[in-house]
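In: I need the structure of the sequence given here:
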Amino acid sequence: MGDRLREIAGILLDRWPDGSFERQLLMVEVLPEMLGQAWMGSGATEATTRLAPLLGDPDQTVRRRAIDALARIHRGTGQEGLTALERLGLDREPRCRDDLPRVRAACMADAPWEARLSVAEPDLCHPSPGRRLAAIRGLATDPPHPPEAYGAILEAVRGDDDFALRCEALECAGRVLAGRATGEILRGMESMLDERQRRQALDAGYSAEVALALAVRGGDMEAGFRASRVLPLLTAEGHSRRRGRLRLAGLRGLVAGAEPPEALVAAAASLVVDSIRTVRWHALWALAEASWAWPGVSWTGTVPV
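Out: Next up is the predicted model:
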């Protein structure tokens, strides 16, 4: 499949001249995904060279697609991949350098945790919040994660006033815990946001319940967490935006967990007829995602008609 995709990429690039609308559309919308898939794990200079013009594009979405493709191309290439990135000189490109830690983390995807952390350390301590966040996301991407990964991630944002950065770091910490959280760890995670920041986070679309749900996913504490934290959010009454955001947080917390009991599925399904349009749409998307993630759940009689 990879060889066929490479052949197609070459044909398409040769088909349209530089400056044509078709070539521009190909470069922006199709090529990053195609290159990332066709040269995955190869570290190929050819693929990296073709991506290079997009890494400095003024459009952030285009740059992110190119970074994602670059990460896939260099996944598991180790020191060789890191050296190739240095030769590209992307650290001198202001528009993409804060996202590079994700690519460096991808290079080290198959390395022992100590080696992965050593490569990420300069980025975790960097003054730029964006670079620290990219390093955190990179570390949280490829399991397995030892227990100390949780501490390394939270330490990178401890004392930072950027609550959005803290919220994202909490979700990454929950992901690396993967069901190994204890009551003490959950309390420590919750202490990362004070009450004011928790309200700000909710208004901005973040929720601590998502991070905590990821931390207890599949573990002994999940059932109790769902009953005490997720179900009250799903069933929060009221027509205000704030009350609607509580129900949205409940949906995200539910989908972040493992396969739930029928009562929780029914509570989430009831939100497809919620009085707030945003909640209805998110409920539909959440249930669509859940139907794929939870093959054992019976949906008969749970979704309102």
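In: which stretches of this protein have low pLDDT?
Out: 1-29, 299-305 (pLDDT under 70).
In: do that again at 50, thanks
Out: The model of the chain has pLDDT under 50 over residues 1.
In: Can you pull up the most central residue in it?
Out: Arg137 (6.9 Å; CA atoms, centre = their mean).
In: which ones are touching that one?
Out: Going by CB atoms under 8 Å, 6 or more residues apart in numbering, Arg137 touches 101-102, 105, 168, 172. For every residue, glycine as well, the C-beta is placed using N, CA and C.
In: Just these: which are in helices?
Out: Among these, the members falling in helices (DSSP state H) are 101-102, 105, 168, 172.
In: Reformat those residues as TSV; add distance to Asp274.
Out: Shown next, in TSV, are the ones in helices among the contacts of Arg137 (distance: CB to CB, whole Å):
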residue	distance to Asp274
Pro101	39
Arg102	35
Ala105	38
Glu168	27
Cys172	29
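In: Report the separation between the residue nearest to Ala283 when sequence neighbours are not counted and Leu133.
Out: Nearest non-adjacent residue to Ala283, counting by CB to CB, 6 or more residues apart in numbering: Leu271, 3.8 Å away. For Leu271, the distance to Leu133 equals 30 Å [CB to CB, to the nearest Å].
In: repeat for Glu171
Out: 11 Å.
In: same question, Leu287
Out: Leu287 is 30 Å from Leu133, by CB to CB.
In: what's the answer for Pro32, then?
Out: The value you get for Pro32 to Leu133, if CB to CB is used, is 21 Å.
In: One more: Leu264?
Out: On the measure of CB to CB, Leu264 and Leu133 end up 31 Å apart.
In: Of the two, which one has the most company?
Out: Applying other CB atoms under 10 Å to Leu264 and Leu133 shows that Leu133 carries more neighbours, namely 24 against 20.
In: Rebuild the contacts of Arg137 as a markdown table, extending it with distance to Ile153 and neighbour count.
Out: Listed next are the contacts of Arg137 as a markdown table, based on distance: CB to CB, whole Å; neighbours: other CB atoms under 10 Å:
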| residue | distance to Ile153 | neighbour count |
| --- | --- | --- |
| Pro101 | 13 | 26 |
| Arg102 | 14 | 22 |
| Ala105 | 12 | 25 |
| Glu168 | 10 | 20 |
| Cys172 | 5 | 26 |
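In: For those, work out which two are farthest apart.
Out: Farthest-apart pair in those is Ala105 and Glu168; separation 14.9 Å (CB to CB).
In: give me the number of residues near Ser128?
Out: Counted with other CB under 10 Å, Ser128 comes out at 12.
In: Give me the spatial nearest neighbour of it, chain neighbours excluded.
Out: Asp98 (5.6 Å).
In: cool, Ala267 as well?
Out: Leu234 (4.3 Å).
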